[in-house]
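sharing a model that was predicted from the sequence below.
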Amino acid sequence: MLEQLQWVRQTRWEQEMNVGVVLTRLTNNVICGMTMGRRCSGTDGKTVAIISTPNVADYVGIREKLDLQHLKTRYVDVRRRFDTLRTKESGKTVAGGVVRGFLRVLHDISEDQGAEMMFTGDNFRSFIDVTSTTPPSPSSSAFHRHSTVLLATGFHVPLSLAVLSTEDLFMAGSDTTSTTMERALAELINKPGIQQDARRAIDSVVGESRLVEESDIQNLPFLQAIVKETLRLHPAVPILRDRNVWAIGRDPTQWRNPLEFRPERFTPKGRSFGIDVRDQHYHLLPFGSGRRRCPGLSLVLQLIHTTLANVIHCFNLSVEGGLVDMTEGHGATFSKAHPLVCTPKAGLNSVLSTPIIIKQLIPFSVIITKR
Ligand code: HEM
């Protein structure tokens, strides 16, 4: 995030910047780094927007004939870019790139003694079996369709299938994560008192001379409460197959003042202290539950906590008159109807010293300044 703001300062002076797009780029880079060992997000955040936009034609049974929103055309473009990316990767080495990234992640999990779930050889084989049953992508090049990768266990996996899984991670993880962070920032802009309390708590643990690190998060219960409250009110996957997570999170029989953003409910003195998002409590299920529970949960919690903590720690965020409009849009992740758009204004030397005015497209404006 801070790096992105640096980029804005250098290249987009006095130009508008969509905060959601910046957060999407950040998330894409994390997923890309994890799976491919490199950065790969474009600069426009277009991929996720296309993938997560519901196609009107799907609902009226004319999807083969009409492409009213030009989604098909745009999706083909996305696939072409994915193909380019994977071709670049496989050009280096077939067993390298994507699959090496996967293997590294799987290996790390199997070695991690503190992991919630021990990853055994059987788990590993199951993972490969599931991957192998995925139908090949029609747009894969002949090379990818016919190339297989010999995994450490002795299994051969078609390269195209391994790459498909990478795409799944983008679809499942990118927009969900950035939307959640955007929502949290918007809530904090609307609730300056909560923002200040969070900053004070971070200062007391981290001080003012360094950035927040992942290891600090466990000592920041109020920040954790803010993230839980964001996931309660704004679950990025609002409706699952068998339950409406969005409605459960606002159920008045379970939550006092359910429509209000009150992170303190999750703090030691609050009524909901101890309630967690890891499927132990069935009235807070932003990541689903059971076998289908989001596998990216631990990663995403680290990413969201660390990013939010650093933004809160480094900047004051405020709105110019009125409140940030929290109206939900129509996308798969219920992202904001009006994205947060910021305009960097007068600048000082360091990126953290750059006052930034954030405004929504209509009609609100937000100011972010160096503390
Ligand atoms: C705030 C961010 C996120 C939220 C709220 C979220 C939530 C969810 C939910 C509710 C599901 C469906 C569970 C079900 O079907 O019952 C899911 C599935 C999934 N998520 Fe996440 N997710 C997030 C981020 C991520 C990230 C960062 C990744 C990976 C990098 C990821 C990977 C996946 C995958 C692969 C699935 C499909 C699992 C399956 O079909 O069995 N998610 N997620």
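Thanks, I have it.

where in the stretch 101-250 of the chain is pLDDT low?
For the stretch 101-250 of the chain, the stretches with pLDDT under 70 are 101-107, 109-110, 113-168.

any idea which residue of it lies closest to the ligand?
Nearest residue of the stretch 101-250 of the chain to the ligand, counting by Cβ to the nearest ligand atom: residue 173, 2.7 Å away. Placement of C-beta: from N, CA and C, glycine included.

that residue: helix or strand, and which one exactly?
Following DSSP states H and E, one finds residue 173 within helix 159-190.

helix or strand right after that helix?
helix 192-206.

tell me which residues of that next one come out buried.
By neighbour count with 16 or more other Cβ atoms under 10 Å, helix 192-206 contains the buried residues 194-195, 197-199, 201-202, 206.

pretty sure the residue of the stretch 101-250 of the chain closest to the ligand contacts residue 27?
Yes: assessed by Cβ atoms under 8 Å, residue 173 is found in contact with residue 27 at 6.6 Å.

more crowded one of these two?
Set residue 173 next to residue 27 and count neighbours by other Cβ atoms under 10 Å: residue 27 wins out with 27 against 23.

residues touching that one, list them.
Applying Cβ atoms under 8 Å, 6 or more residues apart in numbering to residue 27 gives the contacts 173-174, 177-178, 303.

which non-adjacent residue is nearest it?
Closest residue to residue 27 apart from its sequence neighbours, by Cβ to Cβ, 6 or more residues apart in numbering: residue 177 at 4.4 Å.

measure that neighbour to residue 225 for me?
19 Å (Cβ to Cβ, to the nearest Å).

what about the two, which has more around it?
Taking residue 177 and residue 225 together and counting by other Cβ under 10 Å, residue 177 has the greater number of neighbours (27 against 23).

still on that earlier bit, the residue nearest to residue 27 reaches residue 301, doesn't it?
No: between residue 177 and residue 301 there is no contact under Cβ under 8 Å: 10.0 Å.

count the neighbours of residue 311 for me.
21.

what's the angle from the one helix or strand it maps to to helix 192-206?
When elements are assigned from DSSP H and E, residue 311 belongs to helix 297-314. With axes from the mean of the first three to the mean of the last three Cα atoms, to 10 degrees defining the directions, helix 297-314 sits at 100 degrees from helix 192-206.

what segments of the protein are strands?
Along the chain, counting by DSSP state E, strands occupy 17-18, 148-150, 156-158, 315-320, 340-344, 356-360, 365-370.

what's the closest non-adjacent residue to residue 278?
Nearest one to residue 278, counting by Cβ to Cβ, 6+ apart, is residue 297 at 6.5 Å.

that neighbour: what's it in contact with?
Contacts of residue 297 by Cβ under 8 Å, 6+ apart are 277-278, 287.

residue numbers of the stretch 251-371 of the chain in contact with the ligand?
286-288, 292-296, 299-300 (Cβ under 6 Å from any ligand atom).

now, the most widely separated pair of those residues?
Greatest spacing in those, by Cβ to Cβ: 292 and 299 (16.9 Å).

these two: who's more crowded?
The residue with more neighbours, out of residue 292 and residue 299, is residue 299; 17 against 12, by other Cβ under 10 Å.

look up how far residue 188 lies from that one.
22 Å.

same check, this time on residue 307
As judged by Cβ to Cβ, residue 307 and residue 188 stand 13 Å apart.

out of the two, which sits in the more crowded spot?
residue 188 (25 against 22).

ok, and the closest non-adjacent residue to that one?
residue 195 (4.4 Å).

list the residues that contact that neighbour.
For residue 195, the contacting residues are 188-189, 312, 316-317, by Cβ under 8 Å, 6+ apart.

pLDDT weak spots in the stretch 251-371 of the chain?
Residue ranges of the stretch 251-371 of the chain with pLDDT under 70: 320-322, 329-371.

show me what contacts whichever residue of it sits closest to the ligand?
Nearest residue of the stretch 251-371 of the chain to the ligand (Cβ to the nearest ligand atom) works out as residue 296 at 2.3 Å. For residue 296, the contacting residues are 169, 172-173, by Cβ under 8 Å, 6+ apart.

any idea how far the nearest residue to residue 221 once chain neighbours are set aside lies from residue 220?
Of all residues not flanking residue 221 in the chain, residue 267 sits nearest, at 6.3 Å (Cβ to Cβ, 6+ apart). Distance, residue 267 to residue 220, using Cβ to Cβ: 11 Å.

ditto for residue 173
Distance, residue 173 to residue 220, by Cβ to Cβ: 23 Å.

could you do residue 318 as well?
Distance from residue 318 to residue 220, counting by Cβ to Cβ: 22 Å.

looking at the two now, which is surrounded by more residues?
residue 220 (22 against 17).

so the more buried one versus residue 199, what's the distance?
11 Å.

and residue 269, by the same measure?
Residue 269 is 20 Å from residue 199, by Cβ to Cβ.

ditto for residue 281
From residue 281 across to residue 199, the span is 28 Å (Cβ to Cβ).

and for residue 212?
From residue 212 to residue 199 the distance is 11 Å (Cβ to Cβ).

so what sits against both of these two?
residue 313.

up against the ligand, what does the stretch 101-250 of the chain have?
So the stretch 101-250 of the chain meets the ligand at 168-169, 172-173, 176-177, 180, 235-237, 240 (Cβ under 6 Å from any ligand atom).

any of the residues you listed buried? List them.
169, 172-173, 176-177, 180, 235-237, 240.

C-alpha coordinates for stretch 239-247, PDB please?
Extracted in PDB, the C-alpha atoms of stretch 239-247 (Å, rounded to 0.1, in the frame of the first residue of the first chain):
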ATOM      1  CA  ILE A 239     -24.200 -15.500  -0.200                       C
ATOM      2  CA  LEU A 240     -23.000 -19.100   0.000                       C
ATOM      3  CA  ARG A 241     -24.700 -22.100  -1.500                       C
ATOM      4  CA  ASP A 242     -26.500 -22.900   1.700                       C
ATOM      5  CA  ARG A 243     -26.600 -19.700   3.700                       C
ATOM      6  CA  ASN A 244     -26.900 -15.900   3.500                       C
ATOM      7  CA  VAL A 245     -23.800 -14.800   5.400                       C
ATOM      8  CA  TRP A 246     -24.700 -11.100   4.900                       C
ATOM      9  CA  ALA A 247     -28.000 -11.500   6.600                       C
END
